[in-house]
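Colleague: turn this into a structure:
(2 chains)
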Protein chains: 2
Amino acid sequence: MNSENTYIQMFGIKTPIIKEGDDIVQILETSLEDAGLVPVDGDIFVLAESAVGTAEKRIVKLASITPGERARFLGEKYGIDPREMELVLQECDEVFGGVPGAALTITKGVLAPNAGIDASNAPEGHVVLLPEDPRKSSENIRSRLEQRYSCRLGVIIGDSRTQPLRLGCSGIALGVSGFIPVEDARGTFDIYEKPLLVTYKAVADNLVSAAELLMGEAGEKVPCVLIRGAPVSMVNESPDVPTISMEGCMYFGNIIKGRKEEKGTGKMRDSSTG
Amino acid sequence: MNSENTYIQMFGIKTPIIKEGDDIVQILETSLEDAGLVPVDGDIFVLAESAVGTAEKRIVKLASITPGERARFLGEKYGIDPREMELVLQECDEVFGGVPGAALTITKGVLAPNAGIDASNAPEGHVVLLPEDPRKSSENIRSRLEQRYSCRLGVIIGDSRTQPLRLGCSGIALGVSGFIPVEDARGTFDIYEKPLLVTYKAVADNLVSAAELLMGEAGEKVPCVLIRGAPVSMVNESPDVPTISMEGCMYFGNIIKGRKEEKGTGKMRDSSTG
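Modeller: A predicted model of the protein is given here:
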């Protein structure tokens, strides 16, 4: 990775509203031209999953869905439209709880409230499902953009997620093509030349978080951000975004063992020893 | 917030190695001048907590620490130097588990492995503690930079954290001054003019994640990134970065109740009902 880069530019690409079946690459090409932007080697395109899902006809009319018994039960329990809950159950790998308005799921290997189903930015009475295969979507979009602009590009299908104990959404990469999504800093050295302990950088997630500064969650109509100058390692493939198991997860691993936490900040006793 | 902004620039500010007691603002001024950069209204400075902590003399020589019984027990349990573990216990609000190499704590209200104590980027045999009061640190740095450059600026003291079930670190804001760290999008409308459900944007965390693209985790010697053009809401104060309780947390709230998850992706039964 080129750690000499110390300058990054981010361009929000405004587009018309992306509609079902639209050719998102064609729309991007037009919008880039309107913005006077010509992609160059190493540019990374971050695309909102809702725009990609919409273009891929992943829009579902809720009235067309008949919720099953479990969907009605969980919809009631979590305050979710039972028809949307039915879609959540169809889309997710696993449901393992919920809060009012959100069933907590693992979907396509990623933590996703309500299986990543997006009710906002969908036509009235409709929802947008995640792209069927975000990795494949990013790959297809990248290959077409690279052909069109004759340069090596990266593409990310991005979504937003909350972080533990934090208010507000940050970025997460659902699918990546053209660069290494997580940099492994093992074997590098700190500023005192001491070898670093295991340290990974969530480059792809960070690129999405950066893009969300311009995308917004609301009606900004900026479904794509072009990031130029980011020190990423370009590759001519679409690597899986590495995930870790619940057991291996610093947060879940500790907690799913059913340990009790100590609230408050009074005495500090490792609850797992009590 | 100015949602017309569609262009952001990020400048990595290379500095000499920040040493104990250094005047970080003076170093920034020199480095900005060397880089030919003059801050303007709305610029956001993201500073690495390790650099700020070092300048604030938050460096501790491990040899000077005598671990207590609990620190020795937990150090053994999690594979952490018992002297560092002693510091973790002194720094944190709460320990609620751990994995090899990391005790999972809440420190200054934020999830922080090992209380945010940084062994890398510290002199041999030393560690860097988090700044005593990151909010105050960001406020002090902002007021001096604003005086020096006669414009309204934002300052973030940033750190890196892993996200649940993800490999790699993203950004988190420990202390913020001069802008609203979390934007509340309630009352705004989506692209179809439908009112949005509750949606918050972790603007400050996203700015830190963006900055980490240039900072890196290793010896890049880029402890500061200047972000220009970010659509943030500037304020003349230092708002607390809002956090949420474990009970209210989508991740912890579900899990600390001791529910069992279902692994695998076979049958989907809400474990909380089984």
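Colleague: quick one, helices of the stretch 1-150 of chain A?
Modeller: A:24-34, A:49-55, A:69-78, A:82-91, A:134-149 (DSSP state H, counting those that start in this stretch).
Colleague: flag every buried residue along the fourth one.
Modeller: When you say that, I think you mean helix A:82-91. A:82, A:83, A:84, A:85, A:86, A:87, A:88, A:89, A:91 (16 or more other C-beta atoms under 10 Å in any protein chain shown). C-beta here means a position set from N, CA and C on the backbone, and glycine is covered the same way.
Colleague: follow-up on the earlier one: can I get the helices of the stretch 1-150 of chain A in a markdown table with distance to chain B and mean pLDDT?
Modeller: Listed next are the helices of the stretch 1-150 of chain A as a markdown table, based on distance: least, C-beta to the nearest C-beta, whole Å; pLDDT from 0 to 100:
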| stretch | distance to chain B | mean pLDDT |
| --- | --- | --- |
| helix A:24-34 | 11 | 96 |
| helix A:49-55 | 9 | 94 |
| helix A:69-78 | 6 | 96 |
| helix A:82-91 | 6 | 97 |
| helix A:134-149 | 15 | 98 |
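Colleague: out of these, deepest packed?
Modeller: Ranked by mean neighbour count, the helices of the stretch 1-150 of chain A are led by helix A:49-55 with a mean of 27 (mean count of other C-beta atoms under 10 Å in any protein chain shown).
Colleague: for that helix, name the packing helices and strands.
Modeller: helix A:24-34, strand A:126-128, helix A:134-149, strand A:154-162 (3 or more C-beta pairs under 8 Å, 6 or more residues apart in numbering or on different chains; DSSP states H and E).
Colleague: any chance of the ones you listed in JSON lines, plus distance to residue A:10?
Modeller: Below are the helices and strands packed on helix A:49-55 laid out as JSON lines (distance: least, C-beta to C-beta, whole Å):
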{"stretch": "helix A:24-34", "distance to residue A:10": "14"}
{"stretch": "strand A:126-128", "distance to residue A:10": "24"}
{"stretch": "helix A:134-149", "distance to residue A:10": "17"}
{"stretch": "strand A:154-162", "distance to residue A:10": "13"}
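Colleague: out of those, flag the one nearest residue A:113.
Modeller: With C-beta to C-beta as the criterion, residue A:113 lies closest to strand A:154-162 of these, at 7.8 Å.
Colleague: wait, what's in contact with residue A:144?
Modeller: Counting by C-beta atoms under 8 Å, 6 or more residues apart in numbering or on different chains, residue A:144 touches residue A:25.
Colleague: how about the contacts made by the closest residue to residue A:63 other than its chain neighbours?
Modeller: Distance criterion C-beta to C-beta, 6 or more residues apart in numbering or on different chains; nearest residue to residue A:63, sequence neighbours excluded, is residue A:125 at 6.3 Å. By C-beta under 8 Å, 6+ apart, the residues touching residue A:125 are A:61, A:62, A:63.
Colleague: name the nearest residue to the second one, ignoring sequence neighbours.
Modeller: In this case it means residue A:62. Nearest non-adjacent residue to residue A:62 (C-beta to C-beta, 6+ apart): residue A:83, at 4.5 Å.
Colleague: my guess is the one you found contacts residue A:68, does it?
Modeller: No: counting by C-beta atoms under 8 Å, residue A:83 does not reach residue A:68; the two are 10.4 Å apart.
Colleague: so where's the stretch 151-274 of chain A shaky on pLDDT?
Modeller: A:186-198, A:216-220, A:254-274 (pLDDT under 70).
Colleague: tell me where it has helices.
Modeller: Under DSSP H, counting those that start in this stretch, the stretch 151-274 of chain A gives helices at A:203-215, A:252-255.
Colleague: how about CSV for those, with distance to residue B:238 and mean neighbour count added?
Modeller: CSV is the format used below for the helices of the stretch 151-274 of chain A (distance: least, C-beta to C-beta, whole Å; neighbours: other C-beta atoms under 10 Å in any protein chain shown):
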stretch, distance to residue B:238, mean neighbour count
helix A:203-215, 20, 29
helix A:252-255, 32, 22
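Colleague: residue B:206 is nearest to which of the ones you listed?
Modeller: Per C-beta to C-beta, nearest to residue B:206 of those: helix A:203-215, 4.3 Å.
Colleague: in terms of secondary structure, what does that closest one contact?
Modeller: Counting by 3+ C-beta pairs under 8 Å, 6+ apart, helix A:203-215 packs on strand A:7-13, strand A:44-48, strand A:154-162, strand A:169-177, strand A:224-228, strand B:7-13, strand B:169-177, helix B:203-215.
Colleague: in the second one, what's buried?
Modeller: It stands for strand A:44-48. Within strand A:44-48, the residues that qualify as buried are A:44, A:45, A:46, A:47, A:48, counting by 16+ other C-beta under 10 Å.
Colleague: OK, contacts around the last one?
Modeller: Spelled out, that is residue A:48. Counting by C-beta under 8 Å, 6+ apart, residue A:48 has contacts A:158, A:159, A:215, A:223, A:224.
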